[in-house]
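>>> Can you look at this prediction? I've put the sequence above it.
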Amino acid sequence: MTVIPLNARVECADGLCGQSTYLTINPVTQRVTHVVVREKGFHHTDHLVPIDLVVETTTHLILLRCTKNELAKIEPFVETRYIRVQRPRYEDTPYRLWPLAVPKETMKIPVEHAHVPPGELAVHRGARVEATDGDVGRVDEFLVDPANGCITHLVLREGHLWDQKDVTIPVSGIDHIEEETVYLKLDKHTIESLPPAR
């Protein structure tokens, strides 16, 4: 099995290039299709990197076969657009800014849109995991079969800060995945009885 870590260091062929933030998954085939890599640096653009560019992974590192320049040319994961909205008129605002400033009639607000391929889902470390009887923990990472690229297990971090353990949930125990939550077919008692992840 191969570990696909989230919030892990990512290195290109020519050195450190960023950090993994999301995985995109095809929910029908249970395959990981992309790793989202946040470039290091001030502007830290997130890129949607196809899984076939991943050469090797460990629990704390992902190695890519592309260079930093090639990574910079890969499609961004998040697109920011600006929309214009009407500001309230000066007389309608509860704040009196005069004589310091008078608000403009319109303003631009940034709106971010994630480029998740059609029919796929983006999952990040820390996404909620729900058992059949309630909240049970957070997504830590995924285990993938290197032969076919299919997810075999979800590594669940359960418990409180002072009593945490990682539990490996077989993919057959996943009912469905939504944007911020992974829903399981298992109840809390069943999950408690699973052995801790190695």
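Ah, there it is.

>>> Let me see the contact set for Phe35.
Check again: residue 35 is Val, not Phe. Ile4, Val10, Ser20, Tyr22, Leu23, Val49, Ile51, Val54, Ile62 (C-beta atoms under 8 Å, 6 or more residues apart in numbering). Any C-beta I mention is one placed from the backbone N, CA and C, and that applies to glycine too.

>>> And Pro110, by the same measure?
Going by C-beta under 8 Å, 6+ apart, Pro110 touches Thr80, Arg81, Tyr82.

>>> tally of neighbours for the nearest residue to the last one once chain neighbours are set aside?
Spelled out, it's Tyr82. Among residues not flanking Tyr82 along the chain, Lys108 sits closest, at 4.3 Å (C-beta to C-beta, 6 or more residues apart in numbering). Neighbour count for Lys108, taken as other C-beta atoms under 10 Å: 11.

>>> Kindly provide the distance from Lys108 to Pro76.
Distance of Lys108 to Pro76, given as C-beta to C-beta, to the nearest Å: 20 Å.

>>> ok, now Leu64?
Counting by C-beta to C-beta - Leu64 and Pro76 are separated by 16 Å.

>>> Please name the bridge partners of Tyr82.
Bridge pairing for Tyr82 (DSSP bridges) gives the partners Pro110.

>>> Would you mind measuring from it to Asp46?
Tyr82 is 18 Å from Asp46, where distance means C-beta to C-beta.

>>> Of those two, give the one with the bigger neighbour count.
When Tyr82 and Asp46 are compared for neighbours, Asp46 comes out ahead with 18 against 10, by other C-beta under 10 Å.
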